[in-house]
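J.: Give me the fold of what follows.
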Amino acid sequence: MKNPVKEKYMKKDFFDYSFLFLVLFLVGFGLVMIFSTSSYKSMLTYGNPYHWLVRQGMIAVAAGIVMLVIGIKFDYRVLNQKAFAQIADYGTLIFLVSVLILGSAKNGSVRWISIAGIQIQPSEFAKIGLVVFLAYTLSHNVKRMKDWKYYIGYVLCFRCGPIILLVAFQNLSTALVLAAISGVMIFVVSPKSKVLLSCAGAGVAAIVMYLAFNSGYRNERIAIWMHPETHQKGLQTMQALYAIGSGGIFGKGLGQSLQKMGFVPESHNDMIFSIICEELGLVGAFCLILLFLALIWRMLLIAMNAKDLFGSLLVVGFMTHIGVQVFINMAVVTNTIPPTGIPLPFISYGGSSIFVVLLEMGLTLAVSRKIRM
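T.: Below you'll find the model as predicted:
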């Protein structure tokens, strides 16, 4: 005999409040650290210690929170249509090409488009566009994933390749994030893991060969990575390492950093993790890493329990984005890999980055809402 009380609870919709708390906590922590790292320089430059905090909090984060709420209420299954997949694919390509035509230079790189005085970085939006396109393509072609020629030749090279190459033209680190997203999403669906791993190995070898035989600023960055103490452009790396080392176990205290006073360039951007280590110490840095691991773990659980393959792949793509980007940023700051410019999700200053990340988190929660308990 059926138990109506039991059925009622079995069909109850799930909502991951733990995940939402982690997201909001990381956003709040990011705003605190942006103020801490930028207040001194902001006071000198603008006569106002809150300049970058207001721009991040009142514009980027506010818009991102709106997108987070919209994403939570949105039925993600609407995106599981060919029309939306094509919009995500071709729209991303057009957006990236527009950078080459209309882009404005910043710090020597042309990665931004200025719209109504607001700087937008299309490569950040390419991440969510690529995930939506791949989630649709892979979920609707599961049977074809047994053929490695299809997912390597058509999906990875022909469809994802142009997006990755356009981004790599000006931003190799973001291109690597996009390549990782593509590889992991295909790996989840494809039964031919050995072929995919071989392809990944070949890709890494190609990048190494390209760097070995190509002279330019990328080779210079490798030289900086190997000998930052003697290279004329190794100042940022050395100052970041000084900040990490001077923080010790418990840090100097929030707001007490010395390296943020002009010694670490762009301390509120890509190098913000070094100031976190200086002010909060090894313990603070370890706690931040644990928060990111908890966030990724919750995303993995949502992906594993998603109602359909499309939703699962969406979350896998977003999870890979966060995980790979956190690893690259922290590895650069600690000089584990050659220096490159990539923000720390939720924490670094940057409107496009926080906007896209919060939209992704909203869609992740939308997937979790369809899980039946």
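
J.: contacts and neighbour counts: CA atoms only from here.
T.: Noted.

J.: and Ser368, which of the three is it?
T.: Following DSSP: H, G, I helix; E, B strand; the rest coil, we place Ser368 in the helix state.

J.: From Thr334, how far out is it?
T.: Distance, Ser368 to Thr334, using C-alpha to C-alpha, to the nearest Å: 35 Å.

J.: With Pro191 instead?
T.: Using C-alpha to C-alpha, Pro191 is found at 36 Å from Thr334.

J.: same check, this time on Leu93
T.: For Leu93, the distance to Thr334 equals 34 Å [C-alpha to C-alpha].

J.: With Leu31 instead?
T.: Applying C-alpha to C-alpha to Leu31 and Thr334 gives a distance of 22 Å.

J.: The two: which is more packed in?
T.: Using other C-alpha atoms under 10 Å as the criterion, Leu31 and Thr334 rank with Leu31 on top: 22 against 19.

J.: buried stuff in the helix ranked longest in the chain?
T.: For the chain, the longest helix by residue count, based on DSSP state H, is helix 272-305. For helix 272-305, burial by neighbour count (16 or more other C-alpha atoms under 10 Å) applies to 272-282, 284-285, 288, 291-292, 295-296, 298-300, 302-305.

J.: Summarise which helices and strands it is packed against.
T.: Packing contacts for helix 272-305, counted by 3 or more C-alpha pairs under 8 Å, 6 or more residues apart in numbering; DSSP states H and E, involve helix 17-46, helix 235-247, helix 309-333, helix 351-369.

J.: Relative to Cys157, which of these is closest?
T.: Cys157 sits nearest to helix 309-333 of all the helices and strands packed on helix 272-305, at 17.6 Å, using C-alpha to C-alpha.

J.: What is the closest one packed up against?
T.: By 3+ C-alpha pairs under 8 Å, 6+ apart, helix 309-333 packs against helix 122-139, helix 172-189, helix 235-247, helix 272-305, helix 351-369.

J.: 7 Å - rerun?
T.: helix 122-139, helix 172-189, helix 272-305, helix 351-369 (3 or more C-alpha pairs under 7 Å, 6 or more residues apart in numbering; DSSP states H and E).

J.: who's in contact with that helix?
T.: Under the criterion C-alpha atoms under 7 Å, 6 or more residues apart in numbering, residues 80, 131-132, 135-136, 139, 177, 181, 185, 237, 240, 271, 273-274, 296, 299, 303-304, 306, 337-340, 342-345, 360, 364, 367 lie in contact with helix 309-333.

J.: Also stretch 61-68?
T.: With C-alpha under 7 Å, 6+ apart, stretch 61-68 has contacts from 354-355, 358-359, 361-362.

J.: The closest residue to Ser123 other than its chain neighbours: what's it in contact with?
T.: Spatial nearest neighbour of Ser123, excluding adjacent residues (C-alpha to C-alpha, 6 or more residues apart in numbering): Val167 at 6.2 Å. Contacts for Val167 (C-alpha under 7 Å, 6+ apart) come out as 123, 174-175.

J.: Same list (these) but as a markdown table, adding neighbour count.
T.: Shown next, in a markdown table, are those (neighbours: other C-alpha atoms under 10 Å):
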| residue | neighbour count |
| --- | --- |
| Ser123 | 27 |
| Thr174 | 25 |
| Ala175 | 22 |
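
J.: my guess is Asn335 meets Trp225, correct?
T.: Yes. At 6.4 Å, Asn335 counts as touching Trp225 under the criterion of C-alpha atoms under 7 Å.

J.: Report the mean confidence score over whatever helix or strand Trp112 lives in.
T.: Element membership of Trp112, judged by DSSP states H and E, is strand 109-115. The average pLDDT within strand 109-115 is 69.

J.: For it, C-alpha coordinates in CSV please.
T.: Taking C-alpha atoms only, strand 109-115 is exported to CSV below (Å, rounded to 0.1, in the frame of the first residue of the first chain):
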residue,chain,number,x,y,z
SER,A,109,46.9,43.3,-24.5
VAL,A,110,43.8,43.7,-26.6
ARG,A,111,41.3,41.7,-24.7
TRP,A,112,38.5,44.2,-23.9
ILE,A,113,35.6,45.9,-25.7
SER,A,114,34.4,49.2,-24.3
ILE,A,115,30.6,49.6,-24.3
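
J.: Quick check: Val264 is in a helix.
T.: No. Secondary structure of Val264 (three-state DSSP): coil, not part of a helix.

J.: Distance-wise, check it relative to Ile249.
T.: For Val264, the distance to Ile249 - C-alpha to C-alpha - is 20 Å.

J.: go on, Met304?
T.: Distance from Met304 to Ile249, by C-alpha to C-alpha: 37 Å.

J.: Touching, Cys38 and His268? I think so.
T.: One thing to correct before we go on: residue 38 is Ser, not Cys. Yes. Using C-alpha under 7 Å, Ser38 is in contact with His268, at 5.7 Å.

J.: neighbour count winner among those two?
T.: His268 (28 against 25).

J.: How many residues are close by Gly91?
T.: So Gly91, with other C-alpha under 10 Å, has 15 neighbours.

J.: And whichever helix or strand it is part of, what's buried?
T.: Assigning secondary structure by DSSP H and E places Gly91 in helix 82-102. For helix 82-102, a neighbour-count test (16+ other C-alpha under 10 Å) marks 84-86, 88-89, 92-93, 95-97, 99-100 as buried.
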